[in-house]
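Participant: Requesting a structural model of the entry that follows:
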Amino acid sequence: MKLLPLQIVVIGGGAAGFFGAIACAKANPDAQVTLLEASRQPLAKVLISGGGRCNVTHACFEPEELVQNYPRGAKALRGALTRFGPQDTVTWFATHGVYLKTEADNRMFPVTNTSETIVECLIKVVAKSGVKLRLGTHVTSVRTLADGGFDILLKSGETIKCDRLLFATGSSLVGYKILRELGHQIEPPVPSLFTFNIVDQKSAGIGWS
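Facilitator: Reported below is the predicted structural model:
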């Protein structure tokens, strides 16, 4: 028997989890969306990103051009960035009262020059969207149910049932483990932000990349 209303759970309270929860709530106005975050501090990485200023996006608004910066994932990213790209990001934040500026290297930051502006915006929109935010909530395992739903087991011993489940756990090893147990294949992660070579003259020109 399906739960009423539709129960949607998002695991991972980083930027992707917050944005995913907001999108779920918007797409399913009658659903109950719950966002689970293991730490007591949501959006911690957002706070320190960009030297504490949060480089939100990049002022490259053509998907075909933008994906060239991601050679390993260009094909997969092209469709996603066509549906929601940097310009959509700028518009989304402006709609919620946060304005971005473009710097000389085309990185885009909030005009306030502080990442707290972005964190406060996401927390405010999550609350306004009716999303239930649960902090300090450690997920240990997930099992599928016969009706297509899920049982989410927490470290506390509590079990949460839901109809739909969204993972936004980033590079979490626990997240990878649970996804494998659910039958998903995990591609070996590699650094994707940038690459660099270091040549140590004392080591006979040995290079690392």
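Participant: how about the helices of this structure, start to end?
Facilitator: 15-27, 44-52, 63-66, 74-83, 86-95, 116-128, 173-181 (DSSP state H).
Participant: With distance to Glu158 and mean neighbour count as new columns, can those helices be given to me in TSV?
Facilitator: All C-beta spots, glycine's among them, are computed from the backbone N, C-alpha and C. TSV is the format used below for the helices of the chain (distance: least, Cβ to Cβ, whole Å; neighbours: other Cβ atoms under 10 Å):
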stretch	distance to Glu158	mean neighbour count
helix 15-27	19	20
helix 44-52	23	14
helix 63-66	42	14
helix 74-83	34	13
helix 86-95	33	15
helix 116-128	21	18
helix 173-181	16	14
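Participant: Mind putting those helices into TSV with distance to Glu187?
Facilitator: What follows is the helices of the chain, written out as TSV (distance: least, Cβ to Cβ, whole Å):
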stretch	distance to Glu187
helix 15-27	17
helix 44-52	22
helix 63-66	21
helix 74-83	10
helix 86-95	25
helix 116-128	28
helix 173-181	10
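Participant: So which bits of stretch 52-72 are buried?
Facilitator: Arg53, Cys54, Asn55, Val56, Thr57, His58, Cys60, Pro63, Leu66, Val67 (16 or more other Cβ atoms under 10 Å).
Participant: Could you list the alpha-carbon positions for that stretch in PDB?
Facilitator: What follows is stretch 52-72, C-alpha atoms only, in PDB (Å, rounded to 0.1, in the frame of the first residue of the first chain):
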ATOM      1  CA  GLY A  52      34.200  31.800   1.800                       C
ATOM      2  CA  ARG A  53      32.600  33.700  -1.000                       C
ATOM      3  CA  CYS A  54      31.000  30.800  -2.900                       C
ATOM      4  CA  ASN A  55      31.700  30.600  -6.600                       C
ATOM      5  CA  VAL A  56      28.200  29.700  -7.600                       C
ATOM      6  CA  THR A  57      28.500  29.200 -11.300                       C
ATOM      7  CA  HIS A  58      30.500  30.300 -14.400                       C
ATOM      8  CA  ALA A  59      29.600  32.900 -16.900                       C
ATOM      9  CA  CYS A  60      29.600  30.500 -19.900                       C
ATOM     10  CA  PHE A  61      26.000  30.300 -21.100                       C
ATOM     11  CA  GLU A  62      26.300  28.000 -24.100                       C
ATOM     12  CA  PRO A  63      26.100  24.300 -23.200                       C
ATOM     13  CA  GLU A  64      28.100  23.200 -26.200                       C
ATOM     14  CA  GLU A  65      31.000  25.500 -25.100                       C
ATOM     15  CA  LEU A  66      30.700  24.700 -21.400                       C
ATOM     16  CA  VAL A  67      30.900  20.900 -21.700                       C
ATOM     17  CA  GLN A  68      34.300  21.300 -23.400                       C
ATOM     18  CA  ASN A  69      35.700  21.900 -19.900                       C
ATOM     19  CA  TYR A  70      34.600  18.400 -18.800                       C
ATOM     20  CA  PRO A  71      36.100  16.100 -21.500                       C
ATOM     21  CA  ARG A  72      35.400  12.900 -19.400                       C
END
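Participant: Kind regards, and thank you for your time.
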